[in-house]
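Student: I'll drop the sequence and a predicted model, then ask my questions.
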Amino acid sequence: MSYKEDQAQIWEAKYLEDSLGWDLGGPTPIFCQISEEISPGEICIVGCGLGHDAIMFAKKGFHVTAVDFAPSAIKAVNELATKANVKIDTIQIDLFSMLPEYNNTFDYVIEQTCFCAIPLIQREDYAHVVQSILKPGGQLIGLWFPLDKTIEEGGPPWATSLEEVKSLFNSGWEIEKEEWPTLSISPRKDREKLIIFKNLN
Ligand SMILES: C[S@@+](CC[C@H](N)C(=O)[O-])C[C@H]1O[C@@H](n2cnc3c(N)ncnc32)[C@H](O)[C@@H]1O
């Protein structure tokens, strides 16, 4: 089994065991607010999980592409979309395999607890993929989490630091917005920060 198949199976097992400690059970409050502030366009949700945000953005008129390598996650998003009567493109794929097909495709990429699922050695590649799938001027809208964890504590979720994030999204990016969201859910207050990066490439 390759390293990547192994990762996908580890996440799929969490769905099969219903061990979904990260799932909010509904759309993310800060993303609901942002969806009212940005113009509808092509939006990609990486590591989309059960898809609550995918459904929310689709209802607001965005063309949503929901990406996850766990079959159960994609099945859940498709079921939610049917129930909500919205059209969403779902792709069961390792996000590291999105290139070159999805090069230069999206106006927005939504990041929430996908980055912290990515082992540290793959994070430069993650930044490369995200920048490549965004159009020039496109935005990476990220809730960066968990900021209170150390590498020694292991993962997933693997530690995320603002220094690391800002250094990965440095060359060819500029920060459009950075704030501690007042709308963070209480267990994540002060442990996640909203940073919106604009792709200058
Ligand atoms: C902690 S969950 C978060 C799910 C969702 N973003 C949320 O906040 O509810 C991480 C998700 O990322 C997916 N994932 C992790 N690495 C991935 C990769 N390399 N390619 C695609 N999906 C990935 C997992 O299958 C899982 O659904």
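Tutor: Looks like it came in fine.

Student: rest of the way, CA atoms for contacts and neighbours
Tutor: Fine.

Student: And residue 91, how far from residue 136?
Tutor: Using Cα to Cα, to the nearest Å, residue 91 is found at 23 Å from residue 136.

Student: again with residue 71
Tutor: Per Cα to Cα, residue 71 is found 31 Å from residue 136.

Student: can you pull the contacts of residue 119?
Tutor: Residues near residue 119 by Cα atoms under 8 Å, 6 or more residues apart in numbering: 156, 158.

Student: any idea which helix or strand carries the residue most central in space within the chain?
Tutor: Geometric centre of the chain, nearest residue: residue 111, 2.7 Å, by Cα atoms, centre = their mean. With the criterion set as DSSP states H and E, the secondary-structure element containing residue 111 is strand 106-112.

Student: who touches the helix or strand just after that strand?
Tutor: With elements assigned by DSSP H and E, the helix or strand that comes after strand 106-112 is helix 123-133. For helix 123-133, the external contacting residues (Cα under 8 Å, 6+ apart) are 95-96, 98-99, 102-106, 109, 115, 118, 140, 168-169, 199, 201.

Student: where in the protein is pLDDT low?
Tutor: Along the chain, segments meeting pLDDT under 70 span 1-5.

Student: residues from it in reach of the ligand?
Tutor: For the chain, the contact set with the ligand under Cα under 6 Å from any ligand atom comprises 11, 22-23, 47-49, 68-70, 73, 93-96, 112-114, 117-118.
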